[in-house]
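> Okay, predicted coordinates and the sequence, questions at the end:
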Amino acid sequence: MRKLIGDKAFYKKVFAVAIPIMLQNGISNFVNLLDNIMVGRLGTEQMSGVSIVNQLIFIFFLCLFGAVGGIGIFTAQYAGQKNDEGIRQTFRFKLFLGFIILALFCAIFILKDTELISLYLHEGSKEGDLALTLSCGKQYMAVMLIGLIPVILEQVYSSTMRECGETVVPMIASVVAVFVNLFFNYVLIFGNFGAPALGIVGAAVATNISRFLQAGIVVIYTHTHANKFGYITGMYKSVKVPFDLIKKMMFMATPLILNETLWAAGIAVQTQIYSARGLSVVAGLNINSTIYNVFNIAFIAMGDAVAIIVGQLLGAGKNEEATDTAYKIISFSTVMCIGIGAVLYFLAPLFPEIYNTTDEVKEIAAGIIRISAIMMPVNGFLHSTYFTIRSGGKTIITFLFDSVFLWVISVPLAYVLVYMTGMSIFAAFFFVEATGIIKAFIGWLILKSGTWNNTIVS
């Protein structure tokens, strides 16, 4: 048990990293919940159209997250060595790769918006105007693409700060942004304070305003505190990144980019498969996702804590301490998720009642939320395990462990259960989610092997 439970100093160190991230994600997800409710007040079609587009844009976010995270493995280990030039070079490459990803996804979304949204539109439930849902989705996407530009800057600056141990500033920027988003949603969706009532377009405009503000805060703070962030000095005097380092970073980042992109695409395909049961299922899944994200902030923050703390220990050559730290954080995250999942399970029927939608949607949402609550401890263990394996540079293993498993096991299972059986959406969703238990066993074996425990920077 001593291997799984830390002392007071240990948890103080972990919480110093995790709590700002937890607060940031908690406030962000709570405000996203309020945003989701506001859009939901417009109707099931509007809520479903926005949900479908956000599912598609989610693929872009995770592709970017994979690129930034893969390069960030080097950043965290350079930070452990206090090597500003190394951090500077990883920062430049993050920017370069980020804007390439942005250009690619914008081209796809602009040229194929109708086809992509239509993949989710099926007859199969009692309610829902599919043509209206498609129209709402296209309007929302057209405006949301503008806000992806500041997302690149914010992700590069904030991720580098976190990898160097600074988690408070990104948290403050995020908190300010989400409250600005909430205010402008209230103003622009419903036409308050004399503004025009723009509906879902207003929701997209509000999101874009908040994203530009969030990026502005982290960029300005970094450049005005060069004494604190030494790597920013001379950042833009050169675009030089050593070719040998580029090869190493791409070798490390490519599996992560593929993993995050394929994982997000796999989740989008699963949702598309479930949507064959009707628009009400799409709306129910949207409510579940929004509520679940409010409750999963603890294990998300623990994953970030593993990536930062263990990555820095590996960079400093403290490999044994890195292993000990990883085990303690993973066990703590899993125990927390047992308690949080229990709370979510019992509160599940209450959340759908705050949406202006049909009884069918509310019933589906409540059932799916309960299934997600049951699986929360497994997901908490998996999330921290994933970041532990990744921190030592074993990105090919994480690729096999995460997205390959999803595409080979979970997606085909969802297809079979939805299209080839008369199983209810609740049973199908449960069995697909339960495949995470198999992943958890595989993850435990990888952890015990110790193959992930590597220092990758010289």
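Cool, the structure landed. Numbering: from 1, shown residues only.
> Excluding covalently adjacent residues, which one is nearest to residue 410?
residue 435 (5.0 Å; CB to CB, 6 or more residues apart in numbering). Bear in mind the C-beta positions are built from the backbone N, C-alpha and C, glycine included.
> now do residue 338
According to CB to CB, 6+ apart, the nearest residue to residue 338 is residue 377 (4.9 Å).
> what's the distance between the one you found and residue 445?
Separation of residue 377 from residue 445 (CB to CB, to the nearest Å): 18 Å.
> Of the two, which one has the most company?
residue 377 (22 against 9; other CB atoms under 10 Å).
> what about the helix or strand containing that one, average pLDDT?
Per DSSP states H and E, residue 377 falls inside helix 376-391. Predicted confidence along helix 376-391 averages 86 (mean pLDDT).
> got the CA positions of it in PDB?
Extracted as PDB, the C-alpha positions of helix 376-391 are listed here (Å, rounded to 0.1, in the frame of the first residue of the first chain):
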ATOM      1  CA  MET A 376     -15.800   6.600 -14.500                       C
ATOM      2  CA  PRO A 377     -13.300   4.800 -12.300                       C
ATOM      3  CA  VAL A 378     -12.100   2.800 -15.300                       C
ATOM      4  CA  ASN A 379     -11.700   5.900 -17.400                       C
ATOM      5  CA  GLY A 380      -9.900   7.600 -14.500                       C
ATOM      6  CA  PHE A 381      -7.300   4.800 -14.300                       C
ATOM      7  CA  LEU A 382      -7.000   4.700 -18.100                       C
ATOM      8  CA  HIS A 383      -6.400   8.500 -18.400                       C
ATOM      9  CA  SER A 384      -3.600   8.600 -15.900                       C
ATOM     10  CA  THR A 385      -2.000   5.400 -17.300                       C
ATOM     11  CA  TYR A 386      -2.000   6.800 -20.800                       C
ATOM     12  CA  PHE A 387      -0.200  10.000 -19.700                       C
ATOM     13  CA  THR A 388       2.300   7.900 -17.700                       C
ATOM     14  CA  ILE A 389       3.200   5.800 -20.600                       C
ATOM     15  CA  ARG A 390       3.400   8.900 -22.800                       C
ATOM     16  CA  SER A 391       5.700  10.800 -20.500                       C
END
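> Find out how far that helix is from the centre of the chain, if you would.
The chain centre lies 13 Å from the centre of helix 376-391; the measure is CA atoms, centre = their mean, to the nearest Å.
> likewise stretch 239-253?
For stretch 239-253, the distance to the chain centre is 25 Å (CA atoms, centre = their mean).
> same question, stretch 186-194
29 Å.
> List the buried residues in that stretch.
186-190 (16 or more other CB atoms under 10 Å).
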